[in-house]
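K.L.:
need a structure here:
(2 chains)
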Amino acid sequence: MSIQELYTEAQALSSSKLRDDIVEHLYDRSHTLCREGISYTKSNRDTRTEKLDAIFTSPIFGFPIMIVMLGVLFYITIAGANIPSSMLAELFGVIEGYITSFFTFLHAPDWLHGVLVLGLYRGTSWVISVMLPPMAIFFPTFALLENYGYLPRVAFNMDRLFKRVGAHGKQSLTMAMGFGCNAAAVISTRIIESPRERMLAILTNNFVPCNGRWGTLILLASLFMAANFSGGIKSLVTTGVIVGIVLFGIIVTFFVSWALSKTALKGVPTHYTLELPPYRKPKIFDTVIRSSLTKSWSVLVRAVKVAAPAAILTWVCANIYIGDTSILMYAVEFLDPFGKLLGLDGYIMMAFILGLPANEIVLPILLMGYLSTGSLTEVDSLVDLKQIFLDHGWTWLTALNMMLFSLLHYPCGTTLLNIYKETKSKKWTFLAFLIPTIIAIIVPLIITQTVRMFGLI
Amino acid sequence: MGNEYRIALAGNPNTGKSTLFNALTGLRQHTGNWAGKTVSLAKGSLSFKDKTFHLIDLPGTYSLFSNSTDEEVARNYIVFEKPDVTLVVLDATSLERNFNLALQVLEMTKNVVICINLIDVAEQQGIHINERLLTNRLGVPVIKISARNKKGFPMLLDTIDRIVSGAIECQPARLTYPEEIEEKINKIEPKVRELVGNQISSRWVSLRLLDGDESLLNEISKRLIPEGVC
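P.N.:
Alright, predicted model coming up:
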């Protein structure tokens, strides 16, 4: 007898209430076990959790508290990262001096110095000095909120909105994971049972910025968005911009989920129960060490690993000439008109294209592209970093557009690969690439054209 | 390599499964306390006496009825990968709900240890658990621990050690269903046994077939039945 026949036979025997009977029986048994095996000496229920939940998940205060928490998180990150960032930049600058003397001592050819020091070393060391301090602050703080038990409350609050756009409440959990890494978050959508809702979560996860993009967002915001302010106000304005960008990403998530659930992924949202765990005092030391060391470190390693080959490629392309133009410049000039239309430029477009393997390397590649064509002044502080951008015609509009493009553009290679593995569908993987790309083109296009029309720049 | 064993960790979300996993293996896996945080299998090892235990952290689930991918991942691991011991982690403060999963695991496999975690929190709330009585009722060891404070670990590891070395024999108490269901099981079970032999519990497979679990069926024909038979 084949197993299929057996199944048919079993189905003939079965009745529709059989599952209910089984489950009911399991519950009965659990109940009996508990009645016999457990005794209670006091009856103090956990009222603290209830009181806190009344505030954190309140329909009135829930959302403002969430936004304030997010703001505080970014403020601490941005304000706290400035000083260690410049210290690191200075340190790397000093080391670069030594390396250069060493190359001179060896009589190394200029091109080797160019590739390794001016290209690879300078680009990556800047990115490290800019990215490491914010990550070392952001991850532990975020992890503490998570440990404390606040994040499931965020999911609870967001649930209402997700229902309204036809998606599943658990999507907010997978989104929260996306803040760490979109590739991991795509796998985490397995917690959503319905294939339709799971697809929505997969297709929109990209709209929350991951580790690889935080660096870009924070750097550009702090260099360009609050230029006319100083001190505490400066960090506050930068924070506001980043909160705005994140909220915009969430709005896009809602919009895309809504549009898809009305068209390609039609259906009614399914119900589920979200268990809110009790608030637990976080193990502060463990959490801080764990998340700052392992997470920041792994992000950096990935950035450097992927950046190194890309850096060498960029530098080589910039120094091989066909006629009197380098290969890099051919590519840049080809992409430039399109980039300009979006308020960006050819270098930025190229950086995003080469950045497909990992978002972490977009900024290093961009810098290397600029450096290889720009004037090579001695640079050892973040102010000089801004100067390089300004030399290439950047304004606040360029920075804003690049931030938006970074937020909205196609997912990184790893994420796409995971999407393919999870959906087993070329069509959906392609859509996961296409939808964000289209949005990432449209939004900056509209902004740039509007700003130019009103002559704001 | 006769002294390497695979230990699977199962449990509801928020029972401190991943905390236990980290505490035992010394791994620094980031854990978060919400439903379904562990989505793929995390693996880590620890040495105890002369043995090596490979721990596998299964996704946290409320049941193993293959309602979602993570329930299937957890169930398939226990049934088809056959870990040497399955640890079911329960939250001492909400045992009644947690026992469900433990009972389901006991239907699927034999070598099970029930770990009652967060015992310190439970005692603060005046919840007293008679683990000896539960051990008797369930037929498998029941151990109270606190993963956060690493309490009860020696006892836990020693029990696992004694199970894999054969010093303790687990005899999970069989859950008897209402007569109507039992009759149906009896009709189906012999035929199931012909197909799957002793590889997995034929009683449990019968129950799942009656329940209409098609995904399990596909899994069985994929993994257990040689080609050509079906």
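K.L.:
Return, as residue ranges, the portions of the chain with sub-threshold pLDDT.
P.N.:
You didn't say which chain, so I picked chain A. A:1, A:43-46, A:127, A:227, A:270-275, A:290-296, A:299, A:302-303, A:307, A:373-382 (pLDDT under 70).
K.L.:
My question was about chain B, not that one.
P.N.:
Residues of chain B that meet the criterion pLDDT under 70 lie in B:1-2, B:27-40, B:225-230.
K.L.:
what about the longest helix in it?
P.N.:
In chain B, ranked by residue count with DSSP state H as the criterion, the top helix is helix B:179-196.
K.L.:
helices and strands around it, which ones?
P.N.:
In terms of contact count using 3 or more CB pairs under 8 Å, 6 or more residues apart in numbering or on different chains; DSSP states H and E, helix B:179-196 is assigned the packing partners helix A:3-13, helix A:18-37, helix B:202-211. (Glycine included, C-beta is placed from N, CA and C.)
K.L.:
let's go with 10 Å and repeat that
P.N.:
Helix B:179-196 makes packing contacts with helix A:3-13, helix A:18-37, helix B:202-211, helix B:214-223 when contacts are defined by 3 or more CB pairs under 10 Å, 6 or more residues apart in numbering or on different chains; DSSP states H and E.
K.L.:
Distance from the second one to the middle of the chain?
P.N.:
In terms of CA atoms, centre = their mean, to the nearest Å, the gap separating the centre of helix A:18-37 from the centre of its chain is 44 Å.
K.L.:
Which positions in it come out as buried?
P.N.:
A:18, A:22, A:25-26, A:29-30, A:33-34, A:37 (16 or more other CB atoms under 10 Å in any protein chain shown).
K.L.:
Show me what it is packed against.
P.N.:
Identification of packing neighbours for helix A:18-37 by 3+ CB pairs under 10 Å, 6+ apart yields helix B:95-108, strand B:127-129, helix B:131-138, helix B:179-196, helix B:202-211.
K.L.:
for the first one, packing partners?
P.N.:
Put plainly, it is helix B:95-108. Packing partners of helix B:95-108 (3+ CB pairs under 10 Å, 6+ apart): helix A:18-37, strand B:4-11, helix B:69-76, strand B:85-91, strand B:112-117, helix B:131-138, helix B:202-211.
K.L.:
what's the angle from it to strand B:112-117?
P.N.:
160 degrees (axes from the mean of the first three to the mean of the last three CA atoms, to 10 degrees).
K.L.:
and the angle from helix B:95-108 to strand B:4-11?
P.N.:
If you take the same axes, to 10 degrees, helix B:95-108 sits at 140 degrees to strand B:4-11.
K.L.:
residues touching residue 129, list them.
P.N.:
You didn't say which chain, so I picked chain A. A:81, A:84-93, A:380-382, A:385 (CB atoms under 10 Å, 6 or more residues apart in numbering or on different chains).
K.L.:
was after chain B, sorry
P.N.:
A:34, A:37-39, B:90, B:92, B:95, B:116, B:119, B:122-123, B:142, B:144.
K.L.:
Between these, which sits nearest residue B:23?
P.N.:
Of all those, residue B:23 sits closest to residue B:119, with 14.0 Å by CB to CB.
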